[in-house]
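A.B. asks: All I have is the shape, not the residue letters:
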């Protein structure tokens, strides 16, 4: 257990539905990252926050995806109008935001879109 | 694209040392080398990282060549629970991690 928690761990939804995932980082960590991982591939960066500010978004983050980190604590990732191609593991990681940028990952949320 | 190249798979006998290589020939002076592993269906687990010097912790040792263009992760006494995908990543402060496909290590009884 790294101290990063994600909820839910598994989500099955029908195409077209909206889903929201939550990540609780390690409490003193300023940075929070979201990644997506499809079968057989390494994780791919989606976006990250420095405290409550969203500083970078990947091209993978289409306009159906939105992430927030109110008050710089937990974060949510919402996918609107889900598509079958959104089926993946969604990983959250946090780091202290200092020079040695070790990221600690949560267990992930596995999404299946039917 | 990932800045590292790793063999897609390796086998290791249980109890023996597992040596996982990583090439990062374009590494910059301020980039660290990080190693993570991912056991099936879990999030990546941090193992070790280093800048120039060799590093050792309770999980593994990291050997970085003098020119920093390659490194080796050493698991001194591999167990069946070390079977996982191992990722080598180079990153500097403020950069996001770019994962490649990693090395699938199989520890055999």
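C.D. replies: Good, I have the coordinates. This one's a predicted model, so the numbers in the text were calculated from it and none came from an experiment. Numbering: from 1, shown residues only, chains lettered A, B, ... in the order given.
A.B. asks: Where does pLDDT dip in chain B?
C.D. replies: B:94 (pLDDT under 70).
A.B. asks: any idea how far residue B:20 is from residue B:36?
C.D. replies: Taken as C-beta to C-beta, to the nearest Å, the spacing of residue B:36 relative to residue B:20 amounts to 12 Å. Using the backbone N, CA and C atoms, a C-beta is placed for each residue, glycine as well.
A.B. asks: of those two, who's got more company?
C.D. replies: Just comparing residue B:36 and residue B:20: by other C-beta atoms under 10 Å in any protein chain shown the higher neighbour count belongs to residue B:36, 27 against 23.
A.B. asks: Wait, the more buried one touches residue B:43, no?
C.D. replies: No. Contact between residue B:36 and residue B:43 fails when scored by C-beta atoms under 8 Å: they sit 9.3 Å apart.
A.B. asks: Now list whatever residues contact both of those two.
C.D. replies: Contact criterion C-beta atoms under 8 Å, 6 or more residues apart in numbering or on different chains; residues shared by residue B:36 and residue B:43: residue A:105.
A.B. asks: Please enumerate the shared neighbours of residue B:36 and residue B:20.
C.D. replies: residue B:86.
A.B. asks: which stretch of helix or strand covers residue B:86?
C.D. replies: strand B:84-91 (DSSP states H and E).
A.B. asks: Just name whatever secondary elements that strand is in contact with.
C.D. replies: Strand B:84-91 makes packing contacts with strand B:18-23, strand B:32-38, strand B:70-75, strand B:103-108 when contacts are defined by 3 or more C-beta pairs under 8 Å, 6 or more residues apart in numbering or on different chains; DSSP states H and E.
A.B. asks: Pull out the buried residues from the third one.
C.D. replies: Of the residues in strand B:70-75, those with enough neighbours to count as buried (16 or more other C-beta atoms under 10 Å in any protein chain shown) are B:70, B:71, B:72, B:73, B:74, B:75.
A.B. asks: So for the strand holding residue B:86, what gets flagged as buried?
C.D. replies: In terms of neighbour count (16+ other C-beta under 10 Å), strand B:84-91 has its buried residues at B:84, B:85, B:86, B:87, B:88, B:89, B:90, B:91.
A.B. asks: would you list those in TSV and tack on distance to residue A:56?
C.D. replies: Written out in TSV, the entries for the buried residues of strand B:84-91 read as follows (distance: C-beta to C-beta, whole Å):
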residue	distance to residue A:56
B:84	28
B:85	25
B:86	26
B:87	20
B:88	22
B:89	17
B:90	18
B:91	13
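A.B. asks: Now flag whichever of these is closest to residue B:54.
C.D. replies: residue B:88 (15.1 Å; C-beta to C-beta).
A.B. asks: Bridging across strands, which residues link to that closest one?
C.D. replies: Residues found in beta-bridge contact with residue B:88 (criterion: DSSP bridges) are residue B:35.
A.B. asks: Surely it is in contact with residue B:71?
C.D. replies: Yes. When contacts are counted by C-beta under 8 Å, residue B:88 is listed as touching residue B:71 (6.9 Å).
A.B. asks: Now list whatever residues contact both of these two.
C.D. replies: Common neighbours of residue B:88 and residue B:71, counting by C-beta under 8 Å, 6+ apart, are B:22, B:24, B:33.
A.B. asks: Right, I'll call it a day here.
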